[in-house]
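>>> Give me a 3D structure for the following:
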Amino acid sequence: QVQLVESGGGMAQVGESLKLSCAATGRTISMYTMGWFRQAPGKEREFVGCTSFSDSPLYAESVKGRFTISRDNAKNTVYLQMNTLKPEDTAIYYCAANPRGVWASKEKEYDYWGRGTQVTVSS
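Presented below is the predicted three-dimensional model:
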């Protein structure tokens, strides 16, 4: 079992940055694909990006060029750096883990989920 805990959410102004963290316990996630998803009010949860152990990160078009996923295997932690934030980035952000180690952009491909952290961007 893998437990995931997100942190770093909060409020930001348009154009500002936030960095989310996802700390994993229970197992080493260095070989896992780690994904970020988000759910805005009244909308379905959507893919933000993912990083596998062997490939470059994959991003949704809506965040490409603004968001960056990285990982620190020594800390068993994955990060989501969010720059140039927009009001439409407002959502609950979830971290997820896929033990199969390949790119995964669908929710059903992830076995473990965190509880999420709220990000609110205001103008």
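
>>> from here on, contacts and neighbour counts on C-alpha atoms
Noted.

>>> Direction included, what does the helix or strand containing Val121 pair against?
Using DSSP states H and E, Val121 maps to strand 117-122. Counting by DSSP bridges, the strands paired with strand 117-122 are strand 10-13 (parallel), strand 91-98 (antiparallel).

>>> closest to Glu107 out of those strands?
strand 91-98 (8.5 Å; CA to CA).

>>> distance between the closest one and the chain's centre?
5 Å (CA atoms, centre = their mean, to the nearest Å).

>>> cool, stretch 55-74 as well?
Mean-position distance between stretch 55-74 and its chain equals 8 Å (CA atoms, centre = their mean).

>>> and what of stretch 110-122?
7 Å.

>>> Now that stretch: buried residues?
Residues of stretch 110-122 classed as buried: 110, 112-114, 116-122 (neighbour count, 16 or more other CA atoms under 10 Å).

>>> which residues sit against that stretch?
1-14, 85-99, 104 (CA atoms under 8 Å, 6 or more residues apart in numbering).

>>> Over to stretch 58-66?
Residues contacting stretch 58-66 (CA under 8 Å, 6+ apart): 47-51, 82-85, 103.

>>> Looking at those, which is nearest Thr28?
Of the contacts of stretch 58-66, the one sitting nearest to Thr28 (CA to CA) turns out to be Thr51, at 14.9 Å.

>>> That closest one: neighbour count?
Using other CA atoms under 10 Å, Thr51 has 25 neighbouring residues.

>>> Give me the spatial nearest neighbour of it, chain neighbours excluded.
Spatial nearest neighbour of Thr51, chain neighbours left out: Pro57 (4.4 Å); criterion: CA to CA, 6 or more residues apart in numbering.
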